[in-house]
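Novice: Quick one, structure for this:
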Amino acid sequence: SVFTGVGVQLVCTASITIILAALGFTSPAQRGSLIMSLLIFYALSGGIAGYVTARMYKIFEGKNWQWTTLLTALGFPSIALGTFFLMNLLAMEKDSTLSVPLTVVIVLLLLWFGASAPLVFQGAKVGFNAGEIDFPVDNDTCSNIQREVTFGKWVSSVTSTIVTTLLSGILQFGVYHIGLFFILSSLWMGQYYNTFGYLFVIFIILIVIVAESAILLNYVLLFSEDCCWWWCSFINGGAGAFFAYGYSMHYFRHYLEVSSTATCVLFAGYMALISLGLFLMFGSVGVLSCLYFNKKMFGSSKPFSLTVS
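Specialist: Reported below is the predicted structural model:
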């Protein structure tokens, strides 16, 4: 539920930023304005993360809603700020142009604690006070059905998850690999990236592809009587992030002439953080798409009775 809430927050942040950039409200020549837009929209969309997390957490009938909300508010920002702080210290030690002054870090902390975290708690409050999501199948009835889970079935489930992750990741990578090359060139080679309209189209197509592939693979899992579709749908949705990180390593090796160890660490650290954000974004798209599909599929099925012996 925490991953899904943060992922939806990142999707909203990326969507608004790309739309404003495509409309010309942010100039690609001023990278600071684009990054600041990302940070501001991420902070302002904290309420969405709290609401989605609360709604998802109620599905699993969780009791520790305080810790769940706290993880939503502090989890991903802590990882992002921690990575940024360590990478910035390394860049300052090497007198790199990638370093930022300490005042920027203080502003980020104020933006985090002053805007994002309170909005997360407010959104979680609204989500927990909202009604529960209705499902067409009674969970108590289904939980009473005893199913044998052998070691062979467990191995088969793990194997199928790996295979579906590879298939989904390859499909997603085929959609954005060309655009990823130009984005990496803009980030690490100083080239201007001004085709935000094209990026927005790719972003929409990628969301559709992620949703469709996650639903298809989810149906295959259900057909094979594998009911552990929650994590499978999330991993299948975010599988493209693994390929994005692998391609970034390929780009670093073949297109960047770097001999400094510090630069290698900076590249690997920042790209790992970006890949984590992509994983959460599209993983949330996958699990929410499968949740909607399963509700519609089982809701449209004819009623049936279950006899428990």
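
Novice: correct me, but V210 touches G169?
Specialist: No. With contact defined as Cβ atoms under 8 Å, V210 does not reach G169; the gap is 10.4 Å. Placement of C-beta: from N, CA and C, glycine included.

Novice: Among the two, which residue is more densely surrounded?
Specialist: Taking other Cβ atoms under 10 Å, V210 and G169 do not tie; V210 has more neighbours (26 against 21).

Novice: show me the contacts for the more buried one.
Specialist: 168, 172, 237, 240, 282, 285-286, 289 (Cβ atoms under 8 Å, 6 or more residues apart in numbering).

Novice: Take these and write them to JSON lines, including pLDDT, secondary structure and distance to M92.
Specialist: Shown next, in JSON lines, are these (pLDDT from 0 to 100; DSSP: H, G, I helix; E, B strand; the rest coil; distance: Cβ to Cβ, whole Å):
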{"residue": "S168", "pLDDT": "88", "secondary structure": "helix", "distance to M92": "39"}
{"residue": "Q172", "pLDDT": "90", "secondary structure": "helix", "distance to M92": "36"}
{"residue": "G237", "pLDDT": "90", "secondary structure": "helix", "distance to M92": "37"}
{"residue": "G240", "pLDDT": "91", "secondary structure": "helix", "distance to M92": "33"}
{"residue": "F282", "pLDDT": "94", "secondary structure": "helix", "distance to M92": "33"}
{"residue": "V285", "pLDDT": "94", "secondary structure": "helix", "distance to M92": "37"}
{"residue": "G286", "pLDDT": "92", "secondary structure": "helix", "distance to M92": "38"}
{"residue": "S289", "pLDDT": "92", "secondary structure": "helix", "distance to M92": "43"}
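
Novice: out of those, who's nearest D134?
Specialist: S289 (18.5 Å; Cβ to Cβ).

Novice: Check the burial of the closest one by counting its neighbours.
Specialist: For S289, using other Cβ under 10 Å, the count is 21.

Novice: Can you give me the distance of it to N218?
Specialist: Between S289 and N218 the distance is 8 Å, computed by Cβ to Cβ, to the nearest Å.

Novice: tell me which helix or strand of this protein sits lowest on mean pLDDT?
Specialist: helix 139-143 (a mean of 53; mean pLDDT, DSSP states H and E).

Novice: Tell me who's in contact with the closest residue to L288 other than its chain neighbours.
Specialist: Once flanking residues are discounted, L288 sits nearest to T4: 6.8 Å by Cβ to Cβ, 6 or more residues apart in numbering. Neighbouring residues of T4 by Cβ under 8 Å, 6+ apart: 52-53, 56, 234, 283-284, 287-288.

Novice: ditto for G75
Specialist: 2, 6 are the contacts of G75 under Cβ under 8 Å, 6+ apart.

Novice: Can you name the helix or strand that it falls in?
Specialist: For G75, the host element (DSSP states H and E) is helix 65-93.

Novice: Please state the offset of that helix from the chain centre?
Specialist: Relative to its parent chain, helix 65-93 has a centroid offset of 15 Å by Cα atoms, centre = their mean, to the nearest Å.

Novice: If you count neighbours, what's buried in that helix?
Specialist: For helix 65-93, a neighbour-count test (16 or more other Cβ atoms under 10 Å) marks 65, 68-77, 80, 84, 87-88, 90-91 as buried.
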